[in-house]
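sharing a model that was predicted from the sequence below.
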Amino acid sequence: MAKAVWNDVVLAESDETVVVEGNLYFPPDSVKKEYFKETDSHTTCFWKGLASYYSIEVDGKTNSDAAWYYPEPSDAAQNIKDYVAFWKGVKVED
């Protein structure tokens, strides 16, 4: 079972993750939403589309824009719609 951990807290855990370009994407229902806050940040991938970001808040500490997802991905990336991936020090174990 894959899991994403930051500040000693499990943020997401699933055995139904998807790997895209070396990143593990977690299904939306596997993410512990109480630790996530949407931000105004966005980036564009030429083939996946427009990514949106979450900051992660655990025990009074914030990791800005440490998770991203594609709410409206391109046709080629529909398999990761709303799935969440991590970076910026979030440890992802497969």
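Sure thing, it's come through.

the residue nearest to residue 63 when sequence neighbours are not counted: neighbouring residues, count only.
In space, and not counting its chain neighbours, residue 63 is closest to residue 56: 4.4 Å by Cβ to Cβ, 6 or more residues apart in numbering. To be clear about C-beta, it is placed using only N, CA and C from the backbone, and glycine gets the same treatment. Using other Cβ atoms under 10 Å, residue 56 has 24 neighbouring residues.

what about the strands in this protein?
Secondary structure of the chain (DSSP state E): strands at 2-6, 9-14, 18-20, 23-25, 36-45, 49-58, 61-69, 84-86, 91-93.

quick one: the residue nearest to residue 66 when sequence neighbours are not counted from residue 43, how far?
Leaving aside its sequence neighbours, residue 66 sits nearest to residue 88 (Cβ to Cβ, 6+ apart; 4.1 Å). Using Cβ to Cβ, to the nearest Å, residue 88 is found at 13 Å from residue 43.

and for residue 6?
In terms of Cβ to Cβ, residue 6 sits 20 Å off from residue 43.

do the same with residue 54
For residue 54, the distance to residue 43 equals 13 Å [Cβ to Cβ].

more neighbours: which of these two?
Taking neighbours as other Cβ under 10 Å, residue 54 and residue 43 compare with residue 54 leading, 23 against 11.

test my guess that the more buried one contacts residue 69.
Yes: with contact defined as Cβ atoms under 8 Å, residue 54 reaches residue 69; the gap is 7.4 Å.
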